[in-house]
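Visitor: model this:
(one chain, ligands or ions: 1)
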Amino acid sequence: MAEKEVRLFGMWASPFALKVEWALKLKGIEYEYVNEDIPFNKSDELLRLNPVTQKIPVLVHNGKPLAESLIIIEYIDDTWTEGYSIMPKDPYDRAQARFWAKFADDKDNLSEGAFVSWTSVECISATFGVFTSLGEAQQKMLQEAREAFKTLEQALGSKQFFGGDQIGYLDLAIGWFAFWMPIFEEIASISIVDNENAPLLKEWFARILDVDMIKTSLPPRDKIYELSKQRREQFLSGQIKP
Ligand SMILES: N[C@@H](CCC(=O)N[C@@H](CS)C(=O)NCC(=O)O)C(=O)O
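Guide: Numbering: from 1, shown residues only. A predicted model of the protein is given here:
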């Protein structure tokens with residue numbers, strides 16, 4: 001069978017691969033999904049396509065590979081210009097959207113005490129710190145995470161979506177929190193985004209999960225729950241180390 005023009009190397013439980021899938025779906029682009037066994041059993045093809053960070057997602061368009069989910073989303077928007085617009089049109093709005101996407105992803109938001117040097121640390125940003133620590137360190141990080149999300153809420157303000165009336169770049173960049181956050185909160189018995197701390201963001205969680213394209217492309221909740229629980233135990237018991 002001939003290779004599809006667009007291939008996405010991802011992993012079924014990766015929020016980073018999912019956001020790229022969302023962008024492809026919004027544009028109506030056909031693609032082949034290649035599910036990688038990460039982090040311990042990556043294919044030679046993935047290592048060849050992304051020798052620098054060796055992470056998924058990797059988008060391969062006409063044989064040319066591209067890594068980093070946010071960069072891939074911009075590439076998709078720049079390349080398939082017909083139809084749905086993902087990035088804001090105005091240069092200032094575009095720059096602001098990039099600023100907030102970076103803020104949400106940035107591992108610099110984390111303080112010491114969590115397992116911050118595992119290669120996938122960017123995966124869950126400040127939430128990761130809370131999820132992989134206990135006791136005093138966790139309490140400290142909980143404060144930081146709550147503050148980070150409260151700050152992020154400013155970018156939403158009274159809008160329906162970060163992109164305005166419809167989902168856009170920033171919604172895709174951080175939309176995964178809406179699905180994963182309640183799972184992390186449940187497993188770790190903590191509350192980060194709630195009606196008290198970030199009520200607008202909490203409402204946006206419900207709103208984005210109700211968008212058809214998002215709703216129908218989420219992985220099974222019970223499987224994500226089990227995997228997240230397992231990963232947390234591995235971190236806490238030191239089985240997964242930097
Ligand atoms: N900043 C990257 C993060 C990608 C990432 O952390 N991918 C994880 C899976 S969620 C991965 O490939 N981990 C394998 C590893 O770190 O070795 C992006 O946005 O694409």
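Visitor: After the worst-scoring helix or strand of the chain on mean pLDDT, which helix or strand is next?
Guide: Ranked by mean pLDDT, DSSP states H and E, the weakest helix or strand in the chain is helix 125-131, scoring a mean of 75. Next along the chain after helix 125-131, taking DSSP states H and E as the criterion, comes helix 135-156.
Visitor: Can you give me the neighbour number for Asn41?
Guide: Residues lying near Asn41 (other Cβ atoms under 10 Å) number 7. Where you see a C-beta, it was placed from the backbone N, CA and C, and this is true even at glycine.
Visitor: do the same with Thr216
Guide: By other Cβ under 10 Å, the residues close to Thr216 number 8.
Visitor: repeat for Gly163
Guide: 19.
Visitor: Let me see the contact set for Phe162.
Guide: Residues near Phe162 by Cβ atoms under 8 Å, 6 or more residues apart in numbering: 97, 100, 155-156, 168-171, 174, 204.
Visitor: go again using 6 Å as the cut-off
Guide: Going by Cβ atoms under 6 Å, 6 or more residues apart in numbering, Phe162 touches 156, 170-171.
Visitor: Any chance of CSV for the residues you listed, columns neighbour count and pLDDT?
Guide: Formatted as CSV, the contacts of Phe162 follow (neighbours: other Cβ atoms under 10 Å; pLDDT from 0 to 100):
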residue, neighbour count, pLDDT
Leu156, 19, 95
Leu170, 26, 96
Asp171, 25, 97
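Visitor: how far away is His50 from Ala95?
Guide: If you look again at residue 50, you'll see it is Asn, not His. 27 Å (Cβ to Cβ, to the nearest Å).
Visitor: between the two, who's got more neighbours?
Guide: More crowded of Asn50 and Ala95, by other Cβ under 10 Å: Asn50, with 20 against 10.
Visitor: doesn't Ile71 make contact with the more buried one?
Guide: No - between Asn50 and Ile71 there is no contact, the gap being 12.0 Å when judged by Cβ atoms under 6 Å.
Visitor: so does the helix or strand hosting Leu227 get close to the ligand?
Guide: Per DSSP H and E: Leu227 is located in helix 221-236. No - against the ligand, helix 221-236 shows no contacts by Cβ under 6 Å from any ligand atom, the least distance being 10.6 Å.
Visitor: Export only the CA atoms of that helix, formatted as PDB.
Guide: Output in PDB follows, covering the C-alpha atoms of helix 221-236 (Å, rounded to 0.1, in the frame of the first residue of the first chain):
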ATOM      1  CA  ARG A 221     -10.900   7.700  30.000                       C
ATOM      2  CA  ASP A 222     -10.500   4.500  31.900                       C
ATOM      3  CA  LYS A 223      -7.400   3.600  30.000                       C
ATOM      4  CA  ILE A 224      -5.900   7.100  30.500                       C
ATOM      5  CA  TYR A 225      -6.800   6.800  34.200                       C
ATOM      6  CA  GLU A 226      -5.000   3.500  34.600                       C
ATOM      7  CA  LEU A 227      -1.900   4.500  32.700                       C
ATOM      8  CA  SER A 228      -1.600   7.800  34.600                       C
ATOM      9  CA  LYS A 229      -2.000   6.000  37.900                       C
ATOM     10  CA  GLN A 230       0.700   3.500  36.900                       C
ATOM     11  CA  ARG A 231       3.100   6.200  35.700                       C
ATOM     12  CA  ARG A 232       2.600   8.100  39.000                       C
ATOM     13  CA  GLU A 233       3.400   5.000  41.000                       C
ATOM     14  CA  GLN A 234       6.500   4.400  38.800                       C
ATOM     15  CA  PHE A 235       7.700   8.000  39.500                       C
ATOM     16  CA  LEU A 236       6.900   7.900  43.200                       C
END
